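K.L.:
make a model of this:
(one chain, ligands or ions: 1)
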Amino acid sequence: MKRGKDYIVFALDVSSAGEAEKYVKILNGKVGMFKIGLELFIKMGPDIIRRVKNLTDAGIFLDLKLHDISETVKRAMEQVAQLGVDLVTVHLSSSPKMLEMAVQGAAKSYGEKGVSQFNCCSDVSVSKSMDSQLGVLGVTLLTDHDASVIESCGFRDIYVQDIQALVMKRAEIAYFAGCRGVVCSGQEVQLIKAKFGKEFLAVTPGIRPVWSIDKEILDKSDDQKRITTPSMAVKAGADLIVVGRPIKRAKDPALAAEKIADEIEMNFSVI
Ligand code: C5P
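P.N.:
So this is what the prediction gives:
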């Protein structure tokens, strides 16, 4: 049965293997997945995946946010499929063809190393067995983008005035391309789940527990704009929540993860 901790994806936004391993040891058993992003992957390469897997049975989410010509992305995905990770991201700002080819590349079967024990929740399996495939998630719109960013990027007025319309348009492209789900803010989860169903994963970053909302957020210097609390995101239907700084910056990161898991469980009686 899915527990509160299983919703939490901790973002390993660090630049060394030592630091990453420190957080994996501290948070092992307290979160459901670890997210390896560009900073750590560029610094350490694929070896960091083996090192993290040596320390935990939690799932691995490789947040590469790929965006290139379709053939290049497909070939990159074929390589990612050999790494034994559970989820990988592509940007949805590209063409439907790029997304389809990303999914095709990811469908290349895992090698022996790639067996994952990770189970995201009771009814939606992210990746489980030798036969399972790497799940491609499309990034709808970065959670540090608000209407002013959309406008400065030259989007049509309809999308400047209604960011959700842009997110839904991109989620639809991801759905029809065969993506496992999308990364979206907590503000769009409900709409996405209602339209595309519970099997289509909604992964939500921009999470700020109430106790982590500090001066940085209140004076708007926090880079995340479209934020939600853990319980708001899960209540809206998020399958996974990505949490970085609220755990990383906490005096006691393990306790911070436990508080988030408790908040989820208290609100939704998931156990
Ligand atoms: O909780 P915090 O803001 O530190 O989490 C930031 C993490 O979430 C980063 O790893 C970032 O890449 C990721 N992310 C995001 N917005 C998205 C997709 C991923 O902030 N749309």
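K.L.:
low-scoring stretches of the stretch 51-200 of the chain, by residue?
P.N.:
Low-confidence regions of the stretch 51-200 of the chain, defined here as pLDDT under 70, cover residues 109-132.
K.L.:
so where do the helices sit in it?
P.N.:
Per DSSP state H, counting those that start in this stretch, the stretch 51-200 of the chain has helices spanning 70-80, 96-106, 147-152, 157-161, 163-177, 189-196. These are given in chain order.
K.L.:
what angle sits between the last one and helix 163-177?
P.N.:
Orientation note: helix 189-196 sits at an angle of 40 degrees relative to helix 163-177 (axes from the mean of the first three to the mean of the last three C-alpha atoms, to 10 degrees).
K.L.:
and the next helix or strand after helix 189-196, what other elements does it pack with?
P.N.:
Using DSSP states H and E, the helix or strand that directly follows helix 189-196 along the chain is strand 201-204. Applying 3 or more C-beta pairs under 8 Å, 6 or more residues apart in numbering; DSSP states H and E, we find strand 201-204 packed against strand 135-139, strand 181-183, helix 189-196, strand 240-243. Placement of C-beta: from N, CA and C, glycine included.
K.L.:
coming back round to it: most tightly surrounded among the helices of the stretch 51-200 of the chain?
P.N.:
Highest mean neighbour count among the helices of the stretch 51-200 of the chain (mean count of other C-beta atoms under 10 Å): helix 96-106, with a mean of 21.
K.L.:
pipe the helices and strands packed on strand 201-204 into TSV and attach distance to L66 per row.
P.N.:
As requested, the helices and strands packed on strand 201-204 are arranged in TSV below (distance: least, C-beta to C-beta, whole Å):
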stretch	distance to L66
strand 135-139	9
strand 181-183	13
helix 189-196	21
strand 240-243	17
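K.L.:
for these, which one sits closest to V210?
P.N.:
The minimum distance between V210 and these falls on strand 240-243, with 13.4 Å, by C-beta to C-beta.
K.L.:
is the very next helix or strand once past the closest one positioned near the ligand?
P.N.:
Toward the C-terminal end, the helix or strand that comes next after strand 240-243 (DSSP H and E) is helix 245-248. Yes - applying C-beta under 6 Å from any ligand atom, one finds helix 245-248 touching the ligand at 245-246.
K.L.:
what's the first helix or strand after helix 245-248?
P.N.:
Moving toward the C-terminus from helix 245-248, the next helix or strand (DSSP H and E) is helix 253-268.
K.L.:
and that next one, what does it pack onto?
P.N.:
Using 3+ C-beta pairs under 8 Å, 6+ apart as the contact criterion, the secondary-structure elements in contact with helix 253-268 are strand 8-11, helix 17-27, helix 230-236, strand 240-243, helix 245-248.
K.L.:
on that earlier part again, make TSV out of the helices and strands packed on strand 201-204 and add distance to the ligand.
P.N.:
Listed next are these as TSV, based on distance: least, C-beta to the nearest ligand atom, whole Å:
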stretch	distance to the ligand
strand 135-139	5
strand 181-183	5
helix 189-196	12
strand 240-243	5
